[in-house]
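In: below: sequence and its predicted model.
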Amino acid sequence: MSSIIIFGLSFAALVIIVVSFWYLFQTIRIMWGYSLLLAIAAILFSPLVHIIFYFIPKDGFDQYERGLFRKYFLSIAVLMILGVVVSIVIPFVIGEDQNSEMTSEVDTSQPWEWDIRAENQEEVIALIDNNSNDDKAAELHFEAIYQAHPDADEVMESPEFEGWAQVKSEEEQDNIARILKEGTTAEVIYIFSTFKKDLKSYRAYEYQAKRDNAHAITQREYEEKQSRDLEAMKSDSQKHYEAQRTKQIAEYVAANRAPLLPAVQEISTKPTSSYSVPKPSVSSIPGQIVHCDGAGCWDTNGTRYNRGAGNTYFPSIGGVCQNVGGQMNCS
């Protein structure tokens, strides 16, 4: 049944693809008549260019050509819908087939109809049906079991088998014990097969759980490492910022520090008041007085004469002068 479904979907997809390609060719031929570049763009970016071209007003675009475009759009839509259906139906059908195959391996509804894999199966079935206790029946019974499960003894003695039986309900445990003691060949084979199937599923689950756990641990370690690296980067960035800030402050302080010695010299040589420290008397030829104010006068040499009593003046270069007709007579 699944093969028919898959074949039908594949055939329908093939037909729709052929139809869509046919209408694609027809629409591109129409667009070619308008522009070569437009036709090339339609090949590369279909159906987007087709949709834009269809809705743009144009001359000479009759109903027949519009019908071709609409059929092309319809074929594309049907193809998309079919793709969605195929993506849902085919995995479902394949999964059902796999489940059927697994179910056919172990018939849980009628374990006594298990396929007894022995060379003389008919003889075994006949002996079991007759409830015979003949040694031949016992020999064939164990031969069939060992043919199906050569490791039956190891399975019986394994802790996994004991644990598997103990997790069953009390009724199931009694049934397993009865089958292993006096059950038919098919029933014993069924018990071992069921155990192996459950063990395989459990190991697959355990493997997946360990794998998920390892992945979670790896992810957590990776995130912790990323967090540590980020914190280290932040710390290095902060240290670098602080070092740069300290350097900038030091450079700013050094650049704006006032020179001490030149300032002292400037203060000591620049006249700031009408009184200066007396210096040794120096005879010099005073200049001509050019300007006077209430506190004193200035001469042509730039010397300041601070006014004293009467016509007495005290020059800034030291000494005592008398103003005689606009000329300073100093001593």
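Out: Received the coordinates, thanks. Keep in mind the model is a prediction, meaning the values are calculated, not measured. Residues are numbered from 1 along each chain as shown.
In: please make it C-alpha for all contacts and neighbour counts, starting now.
Out: Will do.
In: so is the closest residue to K71 other than its chain neighbours in a helix, a strand, or just coil?
Out: Leaving aside its sequence neighbours, K71 sits nearest to Y23 (Cα to Cα, 6 or more residues apart in numbering; 7.0 Å). Following DSSP: H, G, I helix; E, B strand; the rest coil, we place Y23 in the helix state.
In: can you pull out the strands in the protein?
Out: Using DSSP state E, the strands of the chain run over 289-292, 296-299, 304-307, 312-315, 321-324, 327-330.
In: okay if I get the ones you listed as TSV plus mean neighbour count, mean pLDDT and distance to E154?
Out: Output for these, formatted as TSV (neighbours: other Cα atoms under 10 Å; pLDDT from 0 to 100; distance: least, Cα to Cα, whole Å):
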stretch	mean neighbour count	mean pLDDT	distance to E154
strand 289-292	15	83	133
strand 296-299	18	86	130
strand 304-307	23	88	128
strand 312-315	22	88	130
strand 321-324	16	84	137
strand 327-330	19	83	138
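In: right, so of those, which gets closest to E160?
Out: strand 304-307 (120.8 Å; Cα to Cα).
In: switch the strands of the chain over to a markdown table; also include distance to R66.
Out: Formatted as a markdown table, the strands of the chain follow (distance: least, Cα to Cα, whole Å):
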| stretch | distance to R66 |
| --- | --- |
| strand 289-292 | 109 |
| strand 296-299 | 109 |
| strand 304-307 | 110 |
| strand 312-315 | 115 |
| strand 321-324 | 121 |
| strand 327-330 | 119 |
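In: between those, which one is nearest to E187?
Out: Nearest to E187, of all the strands of the chain, is strand 304-307, at 136.8 Å by Cα to Cα.
In: check which helices and strands the closest one is in contact with.
Out: Under the contact definition 3 or more Cα pairs under 8 Å, 6 or more residues apart in numbering; DSSP states H and E, strand 304-307 sits against strand 296-299, strand 312-315.
In: contacts for it next, please.
Out: Contacts with strand 304-307, where a contact means Cα atoms under 8 Å, 6 or more residues apart in numbering, come from 274-275, 294-298, 313-316.
In: circling back to that earlier point, want to try TSV for the helices and strands packed on strand 304-307, with distance to K71 as columns?
Out: Below are the helices and strands packed on strand 304-307 laid out as TSV (distance: least, Cα to Cα, whole Å):
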stretch	distance to K71
strand 296-299	112
strand 312-315	117
